[in-house]
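Asks: next input, structure requested:
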Amino acid sequence: MRREQTLEEISDGKLYDSNDMVKADCHDCEGCCDCCQGMGDSVILDPYDVHRLSVGLTKPVEQLLQECLELGVSDGNILPHLRMTGEKEQCVFLNKEGRCSIHAVRPGFCRLFPLGRLYEDGGFKYILQIHECPKTNRSKIKVKKWIDTPDLKNYEKFVNDWHYFLLDVQEVLYNAEDPDLIRNLNLFVVNRFYLKPYDQNQDFYIQFYERLKEGKELLALA
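Replies: A predicted model of the protein is given here:
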């Protein structure tokens, strides 16, 4: 999602790598669930998020979209996001005790929070957002431990490549005058990267990059 704010307005002004220490540890949140409420459609999911949820909850993506996910528009792209429910607009996966019921397979957005990513020059750095989490007694923790995702090197490459691919898709969508092109391109992204199952017996990233190659070839023809 694009932001118009400066780095100084939203962060501590520092840039972090995965091996850096950052003051993000909320001590298991200690009963707080503010970041799981009132998020609207901002918890956008990438293909790995949806694959991880599908495998972890043993539900096909179509069922997830019926029960706990929704499709929305983000910077021109149609992408899935977590569904919010009730008066407090809380995450559908938040239980009665105010705890995450899918913590082991939670999306990357949730793993990252209150960190963010600053994308520049074809790559990204981590940032610490200073207005997002109400906790004031956070402790330092290594970024990669906080994110808690296996095979972090390949995961970071995937996150980066997915981000810049979506930017390329947005560029085509913004300049397209043919409504059929806009519709077909958005359908391709949703169907090819999300709805089509990934083989659990094969490496996710290998399968993703096969699909990414197709996506880039399609953009070249658009």
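
Asks: and stretch 10-28, what's its mean pLDDT?
Replies: In this model, stretch 10-28 carries a mean pLDDT of 89.

Asks: and that stretch, C-alpha only, in PDB?
Replies: C-alpha atoms of stretch 10-28 as PDB (Å, rounded to 0.1, in the frame of the first residue of the first chain):
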ATOM      1  CA  ILE A  10       5.800   7.400  10.800                       C
ATOM      2  CA  SER A  11       9.000   5.900  12.300                       C
ATOM      3  CA  ASP A  12      12.000   6.400  14.600                       C
ATOM      4  CA  GLY A  13      14.000   7.500  11.500                       C
ATOM      5  CA  LYS A  14      16.200   4.400  11.500                       C
ATOM      6  CA  LEU A  15      16.400   1.600   8.900                       C
ATOM      7  CA  TYR A  16      16.900  -2.000  10.000                       C
ATOM      8  CA  ASP A  17      18.000  -5.300   8.500                       C
ATOM      9  CA  SER A  18      16.900  -8.700   9.700                       C
ATOM     10  CA  ASN A  19      19.800  -9.200  12.000                       C
ATOM     11  CA  ASP A  20      19.400  -5.800  13.700                       C
ATOM     12  CA  MET A  21      17.900  -5.300  17.200                       C
ATOM     13  CA  VAL A  22      14.700  -3.200  17.300                       C
ATOM     14  CA  LYS A  23      12.500  -2.100  20.100                       C
ATOM     15  CA  ALA A  24       9.400  -4.100  19.000                       C
ATOM     16  CA  ASP A  25       8.800  -6.900  21.500                       C
ATOM     17  CA  CYS A  26       5.400  -6.300  23.200                       C
ATOM     18  CA  HIS A  27       5.900  -9.100  25.800                       C
ATOM     19  CA  ASP A  28       3.200 -11.400  24.300                       C
END
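
Asks: list the contacts of it.
Replies: Counting contacts by Cβ atoms under 8 Å, 6 or more residues apart in numbering, the residues outside stretch 10-28 that touch it are 3, 7, 32, 114-116, 118, 125-131, 133, 135, 137-144, 146-147, 152, 156. Just so you know, the C-beta spots here come from the backbone N, C-alpha and C atoms, and that holds for glycine as well.

Asks: cool, stretch 175-182 as well?
Replies: Contacts of stretch 175-182 with the rest of the structure, by Cβ under 8 Å, 6+ apart, involve 172-173, 185, 222.

Asks: most neighbours among those residues, which one is it?
Replies: residue 185 (21 neighbours; other Cβ atoms under 10 Å).

Asks: give me the pLDDT for that one.
Replies: Confidence at residue 185, expressed as pLDDT, is 94.

Asks: ok, now which ones touch it?
Replies: Neighbour list for residue 185: 169, 172-173, 176, 218, 222 [criterion: Cβ under 8 Å, 6+ apart].

Asks: grab the nearest non-local neighbour of the spatially most central residue of the chain.
Replies: Central residue of the chain (Cα atoms, centre = their mean): residue 45, 4.1 Å from the mean position. The shortest distance from residue 45 to any residue that is not its chain neighbour, by Cβ to Cβ, 6 or more residues apart in numbering, is 4.8 Å, and that residue is residue 80.
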